[in-house]
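> Following is a predicted model, sequence given first.
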Amino acid sequence: MPAVLTSSAAITLHLAAGDTIVVLPSGERHRWATTALDLAGFTRHQDEAHRLPLGDYAQARAALAQLHETAWDCQAKVITSERLYLGVIEHVVAEGLPGPWEVDIEHSPDGFIPARLLDWVWEASPGLSALSKYRTSCAAILRDAGGTDLLLPERPGDGSYLVDAVMPSLDHVHVVGTGAPRTIIVTTAHGAAADALLCLLPEFEQLVLLARLPRRAGGPALGERCQAGDRARLGPRPARRDRVHGAAGPSSSPL
């Protein structure tokens, strides 16, 4: 079982594409971890992740040594992860899905996937939503041109990834009773793409189709069963950001 939230400041190193290390601050005291990274001279890119290029080995080694010193001063622990950066994983998943997919990363230094994302997860069982009890530093969002959104976070402790669909609009709440797409739980990026293609996306499309069936005589259309309380609870659907990474990623991956 993954560890329950504790007070800490951590700096986790992930190997990424292009001979780069992506460094993620986390923990309830994550601001101290971020300070340690800034003091050590780590650059922060547009996606708000600190990165360290590995092209110059001597320079990278010196930067890591400096990071350990500043982390010690800021009372943050440095962790080398065996897992690839989630940004690499999402690119591999996007490459395995039909058509172009936009990809983005939502970083959560405090360990919580934002409620504005979790509240919109359309899942048949509480798989992804259960992550609110544990730390996970980031989640990937994949979007296609047709309006299908997928949320892909890491599941702490067991080395797996979860993939869930995001409700396309409030009109699809309660569309078919408790019916919802099934959560995908896999250990590889290629497995996530294959299961999404064979299971998750077809289930999602079928449920959306049911939601758009014409209204029955004397009753509301299936897509009109959302209650006012549901709208107030969920709030606005997560907006698509202007900043988007292209779906092109690494051409091959051990995952």
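Received it, and whenever you're ready, just let me know what you need. This one's a predicted model, so the numbers in the text were calculated from it and none came from an experiment.

> pLDDT wise, what is A221 at?
Predicted confidence (pLDDT) for A221: 48.

> now do the one 3 residues further on
E224 is assigned a predicted lDDT (pLDDT) of 46.

> got it, and A9?
So A9 comes in at 92 (pLDDT).

> and it, how far is that from I21?
For A9, the distance to I21 equals 19 Å [Cβ to Cβ, to the nearest Å]. Yep, even glycine has a C-beta here, placed from its N, CA and C like the rest.

> How about the contacts made by I79?
10-13 (Cβ atoms under 8 Å, 6 or more residues apart in numbering).

> For R143, which non-adjacent residue is spatially closest?
E102 (4.6 Å; Cβ to Cβ, 6 or more residues apart in numbering).

> ok, the one you found touching L142?
Yes - between E102 and L142 there is a contact at 7.2 Å, judged by Cβ atoms under 8 Å.

> When these two are compared, which one has more neighbours?
Neighbour count, other Cβ atoms under 10 Å: between E102 and L142, L142 has more, with 24 against 17.

> where does that one land on pLDDT?
You'll see L142 listed with a pLDDT of 96.

> A strand includes it, no?
Yes - assignment of L142 by DSSP: H, G, I helix; E, B strand; the rest coil places it within a strand.

> What are the boundaries of the strands in this protein?
With DSSP state E, the ranges of strands along the chain come out as 10-16, 20-26, 43-44, 50-53, 77-80, 101-107, 121-122, 138-144, 149-155, 160-166, 184-186.

> what would those look like in TSV with distance to W32?
Listed next are the strands of the chain as TSV, based on distance: least, Cβ to Cβ, whole Å:
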stretch	distance to W32
strand 10-16	10
strand 20-26	8
strand 43-44	16
strand 50-53	14
strand 77-80	11
strand 101-107	16
strand 121-122	31
strand 138-144	19
strand 149-155	23
strand 160-166	29
strand 184-186	33
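
> who wins for proximity to E69 among these?
Nearest to E69, of all the strands of the chain, is strand 77-80, at 10.3 Å by Cβ to Cβ.

> Narrow the contacts of I79 to those that are buried.
Buried members of the contacts of I79, scored by 16 or more other Cβ atoms under 10 Å, are 10-13.

> Of the strands of the chain, which shows the lowest average pLDDT?
Comparing mean pLDDT across the strands of the chain, the weakest is strand 43-44, with a mean of 80.

> That one: partners in the sheet, and parallel or antiparallel?
Counting by DSSP bridges, the strands paired with strand 43-44 are strand 50-53 (antiparallel).

> Pull out the buried residues from the partner strand.
Quick answer for strand 50-53 (16+ other Cβ under 10 Å): 50-52.

> Between the residues you listed, which sits nearest P114?
Once Cβ to Cβ is applied, the member of the buried residues of strand 50-53 that ends up nearest P114 is H50, at 20.3 Å.

> Quick check, the closest one in contact with H30.
No - with contact defined as Cβ under 8 Å, H50 does not reach H30; the gap is 12.0 Å.

> For A33, see how far away the nearest residue to R135 once chain neighbours are set aside is.
Once flanking residues are discounted, R135 sits nearest to G111: 3.4 Å by Cβ to Cβ, 6+ apart. To A33, G111 is 12 Å away according to Cβ to Cβ.

> Out of those two, name the residue with the larger neighbour count.
Between G111 and A33, counted using other Cβ under 10 Å, A33 has the larger neighbour count: 28 against 20.

> who does the nearest residue to the more buried one once chain neighbours are set aside bridge with?
Closest residue to A33 apart from its sequence neighbours, by Cβ to Cβ, 6+ apart: P25 at 3.4 Å. Beta bridges link P25 to I11, judged by DSSP bridges.
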